[in-house]
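>>> from the sequence below, what's the structure:
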Amino acid sequence: MASIPTLFNGRADFKEISTLSRYEKTEHIYIYDLDSFGTEIKGKYILDYDSSVWIRNSIKYEKFAQLFAVRSGGWYGPDKGGRWNTIKRTFGEIFFIEVENFHTITSPTIDHDTLRIIKNRFSNKLTVEIKSRDKLTYNFDCNKIKFFPSLRILLLERKTEKYIDKTEILDSNGLSLLEEVFI
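Below is the predicted model of the structure:
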């Protein structure tokens, strides 16, 4: 079995892939500050994603979209409230365990920051390719990947166009506004 990290709604989780199964996935995630410690590589990551924020109060619903960048939304009435598809960011640390065959390539053009993971059938070894905005591509094999998320949620502020830590105004999964602390 191989533990494969899965990213959903700004959270890092893991799923087990059996030795008989093949797996391949590319995530848009910025991985940087890679440091090698023997057979381990430690780095940091930033994940930008879109996710809903549900708001029950109609005034706070309107104010939210004036303060933070949103892609779309809808008001469903006083009983259900409204939802904004919001631009969010989270960050944390990532560890690659039992690394082998580490190579770095400089590339003049890299369009997106990506983490690509491939697991072949009849193997528990993971082939990893990291492309970063630093114009570097890292290729290596490892046996495990571990995420250590910060559990912080940043929202893109309209006025400054910067990500601002707003974890305290959202519930524990970041999907609902804690309206008593919003304004």
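>>> correct me, but residue 110 touches residue 132?
Yes - distance between residue 110 and residue 132: 6.9 Å, which falls inside the contact criterion (C-beta atoms under 8 Å). No exception for glycine: its C-beta is placed from N, CA and C like everyone else's.
>>> of the two, which one has the most company?
Here residue 110 and residue 132 are set side by side on neighbour count (other C-beta atoms under 10 Å), and the busier one is residue 132, at 20 against 15.
>>> give me the phi and psi for the more buried one.
Geometry field for residue 132 lists phi and psi as phi -130, psi 160, criterion degrees, to the nearest 10.
>>> that one reaches residue 107, doesn't it?
No - at 9.7 Å, residue 132 does not count as touching residue 107 under the criterion of C-beta under 8 Å.
>>> and the spatially most central residue of the chain, bridged to which residues?
Within the chain, one residue has its C-alpha closest to the average C-alpha position: by C-alpha atoms, centre = their mean, that is residue 47, at 3.2 Å. Legend: beta-bridge partners of residue 47 under DSSP bridges are residue 90.
>>> just the buried residues of the lowest-mean-pLDDT helix or strand in the chain, please?
Among the helical and strand segments of the chain, the one scoring lowest on mean pLDDT, DSSP states H and E is strand 2-8, with a mean of 74. The neighbour-count check on strand 2-8 (16 or more other C-beta atoms under 10 Å) flags 2-5, 7 as buried.
>>> show me where this structure has helices.
For the chain, the helices identified by DSSP state H occupy 58-67, in order along the chain.
>>> where does pLDDT dip in it?
For the chain, residues meeting the criterion pLDDT under 70 lie at 1, 10, 183.
>>> next up, the contacts around residue 127.
For residue 127, the contact set (C-beta atoms under 8 Å, 6 or more residues apart in numbering) comprises 117-120, 139-141.
>>> just to revisit the earlier point, other SSEs contacting the least confident helix or strand of the chain?
The contact analysis (3 or more C-beta pairs under 8 Å, 6 or more residues apart in numbering; DSSP states H and E) places strand 2-8 against strand 11-17, strand 23-27, strand 114-119, strand 144-149.
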